[in-house]
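Novice: Just a sequence and a predicted model for now, questions to come.
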Amino acid sequence: MSSNNPIPFGKPQISDCELDAIRDVMESGMLVHGKVTPAFEEAFAERIGTKHAVAVSSCTAGLHLTLFVKDIGPGDRVAVPAMTHVATAHSVELTGATPVFVDADPLSGNMSADLLDSQDEPLAAIMPVHYLGTPCDMDRINAVAERHGAFVLEDCAIALDSDYKGRKAGNLGLAGSFSFYPVKQMTSIEGGMVSTNDDALADALRKRRAFGYNRALGDRAKPGIYDVDQLGFNYRMSEVEAAVGLAQLSRLDDFHAIRAANYNALTTALAEIEELTLFPGQHETAQPSYYCLNTVLPKDGSIDRDQVMDHLKAAGIGFSVHYPGAVPLFTYYKEKYGYKEGQFPVAEWLAAQTLSLPLGPHLPEDGVNRIAAALKDALVKSRSS
């Protein structure tokens, strides 16, 4: 069935399953500290194959909380990609540690393992981001971490269900942090999850996401009586969010299958366009999460991205950019650390020439064909103008 309605970049898939789950929580009167959040944590951990999953208020909160629990702070150096959402670097900056930016690999967009390996000064932690949901070269990254005596914290914000050599993202380092923002592979309205196989880390995360209470609500012999034996935050997830997340998790196989099919169809439709570099590409050892498809225009600027954007917008095709700048060249980091244009050439190319196209289950039946046709038309018009 064809439709001329606009196709947004992303749209949460909310059904009666989620609405019923919300209603059940609201009617229970237990909006936090209930049984739904632990159930969501258990189901999520089982999905990705880790011993523990700790629900938090956002992926950024999960990254920051893990660094905080691991005593990362002033004097520590933490490797992060130059091509990522700024939240990755911000979580380091908020601890007082120094983010060490590593340029991207031109074949994957991920943190370059070669450049990471060339770091001589000690690193306390390494934070690989699975760019567009394609796993990084985790064998090499873990080897570098071992050499430095560092731990690995995966930023899995858009890597849910991606796979590296038979293991899922979030199960490839000490810990991983996921995002459930509304347009991600699944949503909990807002929220995140930290995965780990480390018992002590999981216990510390659970305590410090809730102010550092020594006893959880259900463990208090007398209501309202507790001690605080460590510093913590208010990074908890509500029961409503957990209920939505649990419902979405039950539908994730279907979501993932649709995304994969849309990815295969769209990459096939665009394969003939020589000027485009497509991310994520196919890898022998890594399976992407099919969050979106990046179409990257030539480095020489021969195609004007702004004109392409205007044509897509006029055609009702939603798009995004992942990401709009190399993080060290954003004003805050540029002014604080003195970075200059040209220091991160691959990240700068991706930032300047990327257009991210939708793959989600919200696409109509003719969505892939409409997206491909609109992009091809936009490229023709941009070349001739």
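Specialist: Thanks, I have it.

Novice: Could you pull up the mean pLDDT of stretch 86-102?
Specialist: Average pLDDT, stretch 86-102: 98.

Novice: Could you list the buried residues of it?
Specialist: Buried residues in stretch 86-102, counting neighbours by 16 or more other C-beta atoms under 10 Å, are found at 86-93, 95, 97-102. Every residue, glycine included, has its C-beta placed from N, CA and C.

Novice: Can I get that stretch in PDB? Just the C-alpha atoms.
Specialist: Written as PDB, here are the backbone C-alpha positions of stretch 86-102 (Å, rounded to 0.1, in the frame of the first residue of the first chain):
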ATOM      1  CA  VAL A  86      29.000  14.400  22.800                       C
ATOM      2  CA  ALA A  87      27.500  12.400  25.700                       C
ATOM      3  CA  THR A  88      30.400  10.000  25.600                       C
ATOM      4  CA  ALA A  89      33.000  12.700  26.200                       C
ATOM      5  CA  HIS A  90      30.700  14.600  28.600                       C
ATOM      6  CA  SER A  91      30.500  11.600  30.900                       C
ATOM      7  CA  VAL A  92      34.300  11.600  31.200                       C
ATOM      8  CA  GLU A  93      34.500  15.400  31.500                       C
ATOM      9  CA  LEU A  94      32.000  15.400  34.400                       C
ATOM     10  CA  THR A  95      34.300  13.100  36.400                       C
ATOM     11  CA  GLY A  96      37.200  15.600  36.100                       C
ATOM     12  CA  ALA A  97      39.200  13.100  34.000                       C
ATOM     13  CA  THR A  98      40.600  14.000  30.600                       C
ATOM     14  CA  PRO A  99      39.000  12.700  27.400                       C
ATOM     15  CA  VAL A 100      41.600  11.500  24.900                       C
ATOM     16  CA  PHE A 101      40.100  11.700  21.500                       C
ATOM     17  CA  VAL A 102      40.900   9.000  18.900                       C
END
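
Novice: I figured residue 116 was touching residue 103, is that so?
Specialist: No - Residue 116 is beyond contact range of residue 103, at 9.6 Å (criterion: C-beta atoms under 8 Å).

Novice: Name the residue in those two with the higher neighbour count.
Specialist: Neighbour count, other C-beta atoms under 10 Å: between residue 116 and residue 103, residue 116 has more, with 25 against 21.

Novice: residues contacting that one?
Specialist: 79, 102, 126, 140, 141, 144 (C-beta atoms under 8 Å, 6 or more residues apart in numbering).

Novice: Swap in 6 Å and give it another go.
Specialist: 79, 102, 144 (C-beta atoms under 6 Å, 6 or more residues apart in numbering).

Novice: Can you pull the poorly scored residue ranges out of the protein?
Specialist: The model of the chain has pLDDT under 70 over residues 1-3, 220-221, 282, 384-385.

Novice: coming back round to it: among the buried residues of stretch 86-102, which are located in strands?
Specialist: Applying DSSP state E to those, the entries found in strands are 98, 99, 100, 101, 102.

Novice: what's the distance between the residue lying closest to residue 297 once chain neighbours are set aside and residue 169?
Specialist: Ranked by C-beta to C-beta, 6 or more residues apart in numbering and with sequence neighbours excluded, the top spatial neighbour of residue 297 is residue 353, at 4.0 Å. Distance, residue 353 to residue 169, using C-beta to C-beta, to the nearest Å: 26 Å.

Novice: hmm, back to that, among the ones in strands among the buried residues of stretch 86-102, which pair sits farthest apart?
Specialist: Across those, no pair lies farther apart than 98 and 102, at 13.1 Å, counting by C-beta to C-beta.

Novice: Spatially central residue for the protein, please.
Specialist: For the chain, the residue sitting closest to the mean C-alpha position, by C-alpha atoms, centre = their mean, is residue 157 at 1.6 Å.

Novice: residues contacting that residue?
Specialist: 59, 179.

Novice: do that again at 7 Å, thanks
Specialist: Contact analysis of residue 157 by C-beta atoms under 7 Å, 6 or more residues apart in numbering lists 59, 85, 178, 179.

Novice: Can you flag which of those residues belong to helices?
Specialist: Residues of the contacts of residue 157 located in helices (DSSP state H): residue 59.

Novice: Which of the contacts of residue 157 lies at the shortest distance from residue 309?
Specialist: Closest to residue 309 out of the contacts of residue 157 is residue 85 (19.7 Å), distances taken as C-beta to C-beta.

Novice: Does the closest one touch residue 323 like I think?
Specialist: Yes - using C-beta atoms under 7 Å, residue 85 is in contact with residue 323, at 5.9 Å.

Novice: Neighbour count for those two, which is higher?
Specialist: Ranked by neighbour count (other C-beta under 10 Å), residue 85 and residue 323 place residue 323 first, with 22 against 19.

Novice: contacting residues around stretch 290-302?
Specialist: The contact list for stretch 290-302 (C-beta under 7 Å, 6+ apart) reads 132-133, 158, 185, 256, 259-260, 263, 266-267, 270, 275-279, 303, 305, 322, 349-350, 353-359, 375.

Novice: Make a ChimeraX selection of the buried ones in those residues.
Specialist: Those of the contacts of stretch 290-302 that count as buried under 16+ other C-beta under 10 Å are selected in ChimeraX with:
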select :132,133,158,185,256,259,260,263,266,267,270,276,277,278,279,303,305,322,349,350,353,354,355,356,357,358,359,375
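
Novice: where's the nearest residue to residue 124 once chain neighbours are set aside relative to residue 70, distance?
Specialist: Nearest non-adjacent residue to residue 124, counting by C-beta to C-beta, 6+ apart: residue 76, 3.8 Å away. According to C-beta to C-beta, residue 76 and residue 70 sit 9 Å apart.

Novice: now do residue 284
Specialist: Note on residue 284: its distance to residue 70, by C-beta to C-beta, is 33 Å.
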